Structure formats: structure tokens, C-alpha cells
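Chemist: I need the structure of the sequence given here:
(3 chains)
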Amino acid sequence: MQSQFLAKIRQQNPLIHNLTNIVVANYSANGLLALGASPLMSDNVAEVADIQQFNRGLVINIGTLFSKGVEAMILAGKTANQQHIPVVLDPVGVAATAYRRETIDSLLAEVKFAVIRGNAGELACIAGEQWQSKGVDAGQGNGDLIAIAQRVAQQYQCVVAISGATDVISNGANTALVHNGTPMFPKITGSGCLLSAVCAAFVAVANPSQYFAATLEACTVYAIAGELAAQPLQPTQYGQFNMALLDQLGAINAEQITQYGRVDYV
Amino acid sequence: MQSQFLAKIRQQNPLIHNLTNIVVANYSANGLLALGASPLMSDNVAEVADIQQFNRGLVINIGTLFSKGVEAMILAGKTANQQHIPVVLDPVGVAATAYRRETIDSLLAEVKFAVIRGNAGELACIAGEQWQSKGVDAGQGNGDLIAIAQRVAQQYQCVVAISGATDVISNGANTALVHNGTPMFPKITGSGCLLSAVCAAFVAVANPSQYFAATLEACTVYAIAGELAAQPLQPTQYGQFNMALLDQLGAINAEQITQYGRVDYV
Amino acid sequence: MQSQFLAKIRQQNPLIHNLTNIVVANYSANGLLALGASPLMSDNVAEVADIQQFNRGLVINIGTLFSKGVEAMILAGKTANQQHIPVVLDPVGVAATAYRRETIDSLLAEVKFAVIRGNAGELACIAGEQWQSKGVDAGQGNGDLIAIAQRVAQQYQCVVAISGATDVISNGANTALVHNGTPMFPKITGSGCLLSAVCAAFVAVANPSQYFAATLEACTVYAIAGELAAQPLQPTQYGQFNMALLDQLGAINAEQITQYGRVDYV
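Modeler: Numbering: from 1, shown residues only, chains lettered A, B, ... in the order given. Take a look at the predicted model:
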């Protein structure tokens, strides 16, 4: 894979506004900084519309919802849509509770997303597939993830990225698989949430016609960074992996993407 | 000490629902993941009852209270009680303010706890003992911690774990001391909060008749993990200790518990 | 520079109450613990006045505002003023939105601050200077930072610390520059927020007549700790730097301050 967008993030340091949760706010901010973007966290309805005036990419993450926060998400999303700022949805644990499903329904009805990124259980839920989820984990099911990605992408006219041992990225017309990664990802909290923020940084420096390519590069860069971070570690050194992933997001370059990227087009 | 529960956590990956605070949410989630459990953080009254339908252990931590959060704590706790899911209380800084004392009084009146885990100052406050606390620190006092643990355990018919240089664990009838640990624990934020979450993971895979044994193993495992994490470090390498503790929670095994555990029964 | 205050922090372990944000609450708490202070995080209006009865230093940080939190900030600040507890203001991203500017105006009108610490863009905004800020970053401008620091210090009768490649510290009458530091600081989230908390720990062990000297020492200690943390690292090892900074805050001593401190008086 040829890198098209990483250098632009490092040159432009795009601001990425995150409406996110108390668990991962710090790690997402540090990951975006390491990558070369500029994070801003706020979910206050009194200022989220203002922030879109200088924002480049918006992340809406439902990890720890509260009612005022949902109001802020919808306002931020609508304002971003008006300003043609790409919006990334992370439907954390959407299958877990009725409240999360209703919130995602409202968000999908009111906001146009450039990218929806989640795990298999979350995207299966949005697609209306049967799936055995457990809380915020991916869970297990027999659904065809490629078909699920394509269907959700077509329905919401966006790019869908399903994270897992193999990532599936689709915009409905084009679909690709990323085979990079490490089993350590699901063992640190917020690794999916940070990937959603990373997707926002990549689409922030792309044209709308490039959102599929930008999301694919985001997932590939992130998966390679994880691979390189895990390489020198024991398989249970989750603490070290947390910090090594930030190091690798700071160090990763176009040559490594070409060298290590294992991407298939379906 | 013979390990009875650690392997079950690794096999069953029990979901642990945490109503916790903005300071430690990330570290508690990472610690539970490293240990082998599956964390979910939510304090939204709109969904905490729903979550108990697939929950295995509940943690109520009053570190950074807000009024809607207290409502959610009581609803989650009562629902968990109905579903026979064990509930762990962490009365963070209860002695610090009238608001925290009143909140703990409400929680103790409305919810049946399987385990109350805190430091000496927090448990002395619940026991109505004189104690010189300072904010969320353990503080100093002359009370007999064994008597305090036994009294609170009897009053609330639960297991009490008082953390410190020596941990005291009691269910009123049986009392044990854990001599493992490291002075680095109180020098990282959330080390007590994470232990409460770890206790929840252990009781989640135990029968009610085993809650004392499970809490004792939780405290021993955690204290040994801290000891092993601190071993190669300089005494002020608190940053490294943060991450090394996660590594050790991922790596610790039954052999190490037998080899290093220093437990006395009173 | 001769250290006057660091040893006092280590001896007295002053409690530092932080009204802060979901992004940096954990890192600020860990940084204060490493340094030798005792952090308490709460922004609940039901208890922040109570907390001032045993508080030694108060930090008001507007990183992720919510309306109840602003109410708590004003109550905590006024109560601290009555109890002669020094208050530090961190006007995070004040230039970014009207809501933040209005909040800072209210805080400056209602609370007397001992120290205002921010980056160039934030202090330029408070001084009413033209500045090109971007979200919560320092941004760029042609204003004279020494003049800005002096003017704001005189207007609000406090110490002003402007962080950057060179820090500017002024109380209006005296002004000093700290040339220590590392380009890694702005690449980790909350490095400025933690410095504000560190300033609070230093003024907490000082007399009001020493607030300038205490803030200057705080900035110098922090900048040296960052320098030492970055020294063995590759320039993109941001994850390692996060933890190494905590290690250095734990280890730094008076000899290192004398040896490495590069302070000029204007």
C-alpha cells in the first residue's frame, strides 16, 4: 500500500474534535497527538457548534453516554455537516442496551456520517443481524462481515470499517481487508475508540471522494503500528503495549506502510 | 495460598460493570482487561438496569460523585441484588465530606454489598471510628483495623477488605491478613479503585459461600502483582510502575500465588 | 537556581483539590502523587466548599466545561479565597469559543487567583491581544509575551506563567524566563494541565509573598523533569515520555535544579 494521507496529517496537524467518553478521552488525545493531529475534547452543548468553525474532523463516540451529551452530539454533528466537516461515528457497545440503540438511531437519522467504525458486534447490530455480543466486546456470530459492511455502507452512504483480527473496510462499491494487527489490541481499553479518532484524522486531510482510501490507510497504519508495538513484547505486557502503541503512532512512516501493509481488495 | 479463582476469570472473562470516576475509569478498565475480565463503564440511569441482564459483577465507586450518578448507582445496585450479581463498594474518600458520608449511608441502606473495599480511613469512617483522614488518602489512627473489618463485615453481612501495608480481609467470622504489596501502590492514582474492580472479577466467578476466599485471593494476587512490578524499578519510578502493574496482572499465575503469597489467618 | 519549595512538598504532602477535566484528571493526579503532593478531584457543587476546610491548593481548569461544573468552580474558588488557600487558574483553550471566554470572565470576576498558568494563545486572549490560536494549542502571534505576562499579572494582581519553549513568569514587578524544557511537552495531552497542578503544589507550601518564587521554581522543576525524561528517548517516543515524566517528577531533587536550571531575570 502506498501512503497518501499520513504525511498530510503531519504537515497540517488537523484539529479533531471528539465527543467521547471518560474512559478513553486521555488515550484518544494522546494517540491523535502522537500521530500528528491536534485533539480537542468537548461535549458541552454551549460550545460544540462554535468549535465546528475551526474543526477539521468530528468524532462521535457513545462509550459513556449522558443525556446532555447526546444533545451536544447531534448539534455538533449537524453543524459539522453544514460546514462539510467529515464526521466519524463510533457506536461503542450499541448492542448492549436499548438506550444505546435508540441513541444510535437518533444519530443516524440526524447526522450524515463519513465513516462508521466499530467492531463486529456493533456493526452487526446496526445492520440488524443476529449477533452474540457481550457489553462492549466484539462477541461472536456467523454473519458475513463483508456483506454487513457493504450493506451498512450502502444504507448510510458512508465508509464502514469493522475492526477485528482482519479489518473490513467498505464504501458499498469498494471493499478491502486489512490483515495487519495484533491480539493485544482488544486487551487495552480504547484501542477501538482511538482508531475511530485516527480515521477522523485521515479523512480530515482527504477529499470526500477519497474517504474510502483514507479510512483504509487509517486502519492499515493503525494495525501496523500495533504490530510493531507488540513485536518486542511478551504477549501479556499490556501496560507496555499501551505506551508502545503511542510511540509507534509517532514513528510510523510511508516506507513502513509499503513494507508491512497486507491489504486485499475483495 | 492455592489459587481457586484466577483461572476461572481467564476462562470466563466475566463482564464487570463499573460505576466509577473520571480519574480512574481508564486504569480500572485496563486492569480488568489485563487480568482477564471484560470491563464496561456506564453511570447512566437510562441503561444501568438493562446492563445487569448480562452483568457478572458490579462496582460502585464514589470517587467523583454527581447527583445523577448516585441515582444510577442505587438503581444499578438494586437491580444487581435482584439478579444475584455481587456488588462491590469502594467508598473513596468517604470521610472527606458530608456529601460523601450521606451518599454512602444511602448506598448502604439501599443496596446489599458482597464486598466493601477501602483504605483504613474509609473503613474507620464507616465503622464510626475516630480517624485522621486527609482527602482520599488512608490517613492515620489508632483503631484496631482487624476489629473494624470484623465489625463492618458483621453489620453489613459482607466481606470487608481494608487495604494498606498489610491488607485485612474479613467476613465477620473469618479474618485474614495479606502481607504482600509495595509502597508504590499509594503513589499511583486509582490503585485502590482498581483493586475494588479486581475484587469484583474474583467474586463474579465465585459462589456466595466463597466470597471471603475470592476476596482474599483478589487482594493477594493484586499485592503480589504490585510486588513483582516494583521489584526491578527504582523506588520513584511511578510512571513505569503504572504500566508494569498492568503487565503483571496479565502475567500472574497460580504458581506465583503459591510461591509468593504471604497470608495469615487471624 | 536554589530550590526553596520542593523539599517542603515532599515533607508536607499538601492536598491539592482539582476541578479539572475528563482528559487529564488521571495524569494530573499521578503527576501530583509522583511529585509528593496529595491530589483530590471533585467538581461537585455539593462538596467543593467542604473540601476547602482541609485543602492547601486549588486548581481550576476549564478543559472540559459543563454548567454545573462552572458553578462548582466559582463556589470552590470563593471558599478557597475566604480560607486564604491559593487558587491556580488554567484557562484551557479560552480563545476557542465564546463560552470559554465568558466562563473565564466570570471566574476572573468572582475569584482571586494566586497564579494564572496557560500557553501563549490563552494568555494573549486574556490580555485582549490578537493571536492565531487553534483549539487548545498555543497557536502563533507577534505579541510580546513578556509584556503580556506583566500586564495580566498587574491587572489581576497575581503571578502569570506562560508556558512554551521558553516559559515567562511574572508577578508584574518581577519577571523571569525559564529556558529548560523539551519539544515533547506539547506532544502529550495534559502536560500544561499537570504543570498548573504542580504550580498549585508549590504555592501551597509558600507564603503569599513567595508566590512568584514558588511558581518560578514549579516551572523550572517541571521543565527540567521533562528534559531529563526526554533525554534517553527517540524524539517520537511519546508514550514512553508520558511515563518517564512521572518518574522524573518523583526523582527530581534540589541538586538537579541547581545543576540544570537555566533561569534569566528580565
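
Chemist: what's the neighbour count on the closest residue to A:V203 other than its chain neighbours?
Modeler: Leaving aside its sequence neighbours, A:V203 sits nearest to A:P86 (C-beta to C-beta, 6 or more residues apart in numbering or on different chains; 4.3 Å). C-beta coordinates here come from the backbone N, C-alpha and C atoms, glycine included. Here the number of neighbours of A:P86 (other C-beta atoms under 10 Å in any protein chain shown) works out to 28.

Chemist: Now do the helix or strand where A:I169 lies: which elements does it pack against?
Modeler: A:I169 belongs to strand A:167-170 when assigned by DSSP states H and E. Counting contacts by 3 or more C-beta pairs under 8 Å, 6 or more residues apart in numbering or on different chains; DSSP states H and E, strand A:167-170 is packed against helix A:145-156, strand A:159-163, strand A:175-178, helix A:211-230.

Chemist: and those as CSV, adding mean neighbour count, distance to chain B and mean pLDDT?
Modeler: Shown next, in CSV, are these (neighbours: other C-beta atoms under 10 Å in any protein chain shown; distance: least, C-beta to the nearest C-beta, whole Å; pLDDT from 0 to 100):
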stretch, mean neighbour count, distance to chain B, mean pLDDT
helix A:145-156, 20, 21, 97
strand A:159-163, 28, 16, 98
strand A:175-178, 22, 23, 98
helix A:211-230, 26, 13, 98
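
Chemist: mind checking which of the ones you listed is nearest chain C?
Modeler: With C-beta to the nearest C-beta as the measure, helix A:211-230 is the member of the helices and strands packed on strand A:167-170 nearest chain C (8.6 Å).

Chemist: Could you check the angle that closest one makes with helix A:145-156?
Modeler: 140 degrees (axes from the mean of the first three to the mean of the last three C-alpha atoms, to 10 degrees).

Chemist: what about helix A:211-230, near chain C?
Modeler: No - using C-beta under 8 Å from any C-beta of the partner chain, we find that helix A:211-230 stays clear of chain C, coming within 8.6 Å at best.

Chemist: and the next helix or strand after that helix with helix C:238-251, angle?
Modeler: Remark: after helix A:211-230, the chain's next helix or strand is helix A:238-251, criterion DSSP H and E. Put simply, helix A:238-251 runs at 120 degrees to helix C:238-251, going by the same axes, to 10 degrees.

Chemist: tell me what the next helix or strand after helix A:238-251 is packed against?
Modeler: Downstream of helix A:238-251, the next assigned helix or strand under DSSP H and E is helix A:254-260. With contacts taken as 3+ C-beta pairs under 8 Å, 6+ apart, helix A:254-260 sits against helix A:6-12, helix A:211-230.

Chemist: buried stuff in helix A:254-260?
Modeler: Residues A:256-257, A:260 are the ones in helix A:254-260 that count as buried (16 or more other C-beta atoms under 10 Å in any protein chain shown).

Chemist: can you check stretch A:183-202 too?
Modeler: For stretch A:183-202, using 16+ other C-beta under 10 Å, the buried residues are A:184-202.

Chemist: Could you tell me which ranges of the stretch 51-200 of chain A sit under the pLDDT cut-off?
Modeler: The model of the stretch 51-200 of chain A has pLDDT under 70 over residues A:133-143.

Chemist: Any residues of it in contact with chain B? List them.
Modeler: A:63-67, A:93, A:96-100, A:134-137, A:186-190.

Chemist: thinking again about what came up before, quick check: the residue nearest to A:V203 touching A:A200?
Modeler: Yes - using C-beta atoms under 8 Å, A:P86 is in contact with A:A200, at 6.9 Å.

Chemist: Now the common contact residues for the two.
Modeler: Counting by C-beta atoms under 8 Å, 6 or more residues apart in numbering or on different chains, the shared contacts of A:P86 and A:A200 are A:57-58, A:115.

Chemist: and of those residues, the nearest to A:V23?
Modeler: Among those, A:L58 lies closest to A:V23 (C-beta to C-beta), at 19.3 Å.

Chemist: for the helix or strand hosting that closest one, which positions count as buried?
Modeler: Element membership for A:L58, per DSSP H and E: strand A:57-61. Neighbour-count burial for strand A:57-61, counted by 16+ other C-beta under 10 Å, picks out A:57-61.

Chemist: Close to chain C as well: tell me which of these qualify.
Modeler: Of these, not one also sits near chain C (C-beta under 8 Å from any C-beta).

Chemist: Which members of those residues are the farthest-apart pair?
Modeler: A:G57 and A:N61 (12.8 Å).

Chemist: how about the buried residues of strand A:57-61 in a markdown table, adding distance to C:F5?
Modeler: Output for those, formatted as a markdown table (distance: C-beta to C-beta, whole Å):
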| residue | distance to C:F5 |
| --- | --- |
| A:G57 | 43 |
| A:L58 | 43 |
| A:V59 | 41 |
| A:I60 | 44 |
| A:N61 | 41 |
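
Chemist: for chain C, what are the nearby residues on chain A?
Modeler: A:13, A:15, A:17, A:22, A:25-26, A:29-30, A:33-34, A:38-44, A:46-47, A:50-51, A:54, A:68, A:242-247, A:249-251.

Chemist: make it 6 Å
Modeler: A:15, A:22, A:25-26, A:29-30, A:33-34, A:38, A:40-42, A:44, A:46-47, A:50, A:243, A:246-247, A:250-251 (C-beta under 6 Å from any C-beta of the partner chain).

Chemist: Brilliant, that's me finished.
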